[in-house]
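In: 3D, please:
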Amino acid sequence: MNDKAASMVLASFAADSFALGYHWIYDTSEIDRKFGRPKQVAAPLPDSFHAGKKAGDFTHYGDQTLWLLESLAAKQTFDMEHFAQTWKKSMSSYKGYVDKASKTTLANMESGRDVYMAGSHSTDLGGAARIAPLVYFYSHDEDTLADHAIVQTDITHGDPLVQEAAAFFARAASYALAGAGAIEALNRAAEKGFENAEFEMWFPEGISSAALPTRYAIKTFGQHCPINGAFPSTIHLIARYPENYKDAMIENVLAGGDSAARGMLAGMVIAAANGKKALVDEWVDAMRAKDWIMSLLKALGNSRDRSQGLN
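Out: Residues are numbered from 1 along each chain as shown. The predicted model follows:
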């Protein structure tokens, strides 16, 4: 099992788990008043969208990422139909928060619509945030990785901007795993070009915001879920903290809003560039699914290494 790649996946999961207690609080003064400067994994507040979850659990983004990892391990490859059916079965009985994208997708699936056509039209970045397990398995083949990142996103999020964001961050993480620094990885991914013109504005805005305080930058771009604010905000986090995963995740939470989706992608790229030293051990150890994730990664890593002739 590649330690750097495994650290990348753990960092993405831990970013979601760390954000859980503070997720979707948009009033930053409330975060300051109730939590101060968050430093540890916390349970969500009783009136949270994630009420009932415990410290160390995941938001609905992290849980769906775990379903993707389980599907990959079960099939030893990305099987779109298998993941879609895994997602449908798990979401049908899900006890956590079910967002609009998931409700729409599930209703479409249950009405008999083909899984290739069942995804919502949601513009939320959360649909792209699940991709760390794909990067773990396919980082050696960036074009296949990008294609699979788009397909996994399309299952629930049919918006082409969200899908392109998934491919972009997947490529960036693969470059980081191959040795590029976090900012270099972003720039290399951008050099591939963008199919949608919006990214030609959002990407440089995110990069150039690195000198700004994170709370100000994310407030300016938008704390919300849709990609028009969430994408440049995520780029900001990587550009401002390319070697400091912990501060990136803390400042991300302090900025409020959809910190889970931003954190999962930013944490993935930062950890891909910096490996195990990026991890906050207390956050990783606090994850209730840590042992299960590690066992899945080991099984998947052994398969990946065999397929590449590394065993």
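In: which residue sits closest to Leu237, ignoring its sequence neighbours?
Out: The shortest distance from Leu237 to any non-neighbouring residue, by Cβ to Cβ, 6 or more residues apart in numbering, is to Ala266 (3.9 Å). The way it works is simple: take the backbone N, C-alpha and C, and place the C-beta from them, glycine included.
In: Kindly export the one helix or strand that neighbour maps to (C-alpha atoms) in PDB.
Out: Here Ala266, judged by DSSP states H and E, is contained in helix 259-274. The C-alpha trace of helix 259-274 is given here as PDB (Å, rounded to 0.1, in the frame of the first residue of the first chain):
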ATOM      1  CA  SER A 259     -16.400  23.600   4.400                       C
ATOM      2  CA  ALA A 260     -16.700  19.800   3.900                       C
ATOM      3  CA  ALA A 261     -16.700  19.800   0.100                       C
ATOM      4  CA  ARG A 262     -13.900  22.400  -0.100                       C
ATOM      5  CA  GLY A 263     -11.900  20.600   2.600                       C
ATOM      6  CA  MET A 264     -12.100  17.200   1.000                       C
ATOM      7  CA  LEU A 265     -10.700  18.400  -2.300                       C
ATOM      8  CA  ALA A 266      -8.100  20.800  -0.900                       C
ATOM      9  CA  GLY A 267      -7.000  18.300   1.700                       C
ATOM     10  CA  MET A 268      -6.600  15.700  -1.000                       C
ATOM     11  CA  VAL A 269      -4.300  17.800  -3.100                       C
ATOM     12  CA  ILE A 270      -2.200  19.100  -0.200                       C
ATOM     13  CA  ALA A 271      -1.700  15.700   1.200                       C
ATOM     14  CA  ALA A 272      -1.000  14.200  -2.200                       C
ATOM     15  CA  ALA A 273       1.900  16.600  -2.400                       C
ATOM     16  CA  ASN A 274       3.200  16.300   1.200                       C
END
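In: pLDDT on it, on average?
Out: Averaging pLDDT along helix 259-274 yields 98.
In: And the next helix or strand past it?
Out: Downstream of helix 259-274 (by DSSP H and E), the next one is helix 281-286.
In: buried set for that next one?
Out: Residues of helix 281-286 classed as buried by neighbour count (16 or more other Cβ atoms under 10 Å): 283-284, 286.
In: what residues does stretch 188-205 touch?
Out: 160-161, 164-165, 168-169, 171-172, 175, 180, 186, 221, 228, 231-232, 235 (Cβ atoms under 8 Å, 6 or more residues apart in numbering).
In: Just the C-alpha atoms of stretch 235-247, please, in PDB.
Out: What follows is stretch 235-247, C-alpha atoms only, in PDB (Å, rounded to 0.1, in the frame of the first residue of the first chain):
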ATOM      1  CA  ILE A 235      -8.100  26.700  -5.200                       C
ATOM      2  CA  HIS A 236      -7.400  29.500  -2.600                       C
ATOM      3  CA  LEU A 237      -7.000  26.900   0.200                       C
ATOM      4  CA  ILE A 238      -4.400  24.900  -1.800                       C
ATOM      5  CA  ALA A 239      -2.600  28.100  -3.000                       C
ATOM      6  CA  ARG A 240      -2.400  29.700   0.400                       C
ATOM      7  CA  TYR A 241      -1.500  26.500   2.400                       C
ATOM      8  CA  PRO A 242       0.400  24.300  -0.100                       C
ATOM      9  CA  GLU A 243       2.500  22.600   2.600                       C
ATOM     10  CA  ASN A 244       0.200  23.100   5.700                       C
ATOM     11  CA  TYR A 245      -2.800  20.800   5.600                       C
ATOM     12  CA  LYS A 246      -3.700  21.500   9.200                       C
ATOM     13  CA  ASP A 247      -3.900  25.200   9.000                       C
END
